[in-house]
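**Student:** Task: produce atomic coordinates for the following.
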Amino acid sequence: MGNIYSAQNIVSYLIYELNEGHVFVNNKSIQHLLTSVERKWQEVFGHTAFQEHVFTEKDFTVKEVFEAYEQYGVSHISLPATEFYLKYGTFQLVERTYAIPNFTEEEICLVQQALAQYRYQLLSKAS
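**Tutor:** Predicted structure coming up:
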């Protein structure tokens, strides 16, 4: 049985992986990847991958993620969105990028499959 993660954390992983491979990523591609991850997660584990509400008939899959990256428009996204964090015992908010989830091996396989499918689709459109 797979874990349930924040979509923002999964998107952080996706953005880092795509940027490491020098692959273009924007808000629309993030939503496409989230749809793919959700579909694969449902097939294998029988439940959603995300803590957030998932939409299937909109222009977005996870509204919170769509809104976080809306400012980029169709431009490339090089870093994940940020969150504010208050460390226990301190009075200073720290802005940091969303953390990468601690996936299990099976979960990494599913996400990597979604990334491979996305890369393949990009290559087939380019050729």
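
**Student:** ranges for the helices of the protein?
**Tutor:** 7-20, 27-45, 63-69, 105-126 (DSSP state H).

**Student:** centre of the chain versus the third one, how much separation?
**Tutor:** Just to be clear, that refers to helix 63-69. 10 Å (Cα atoms, centre = their mean, to the nearest Å).

**Student:** Next: the first one.
**Tutor:** If you compare the mean C-alpha spot of helix 7-20 with that of the full chain, they lie 5 Å apart, counting by Cα atoms, centre = their mean.

**Student:** and what of the second one?
**Tutor:** Using Cα atoms, centre = their mean, we find the averaged C-alpha position of helix 27-45 to lie 9 Å away from the chain's own average C-alpha position.

**Student:** And the longest one, by the same measure?
**Tutor:** Between the centre of helix 105-126 and the centre of its chain there are 12 Å (Cα atoms, centre = their mean).

**Student:** and that helix, what does it pack onto?
**Tutor:** helix 7-20, helix 27-45 (3 or more Cβ pairs under 8 Å, 6 or more residues apart in numbering; DSSP states H and E). Bear in mind the C-beta positions are built from the backbone N, C-alpha and C, glycine included.
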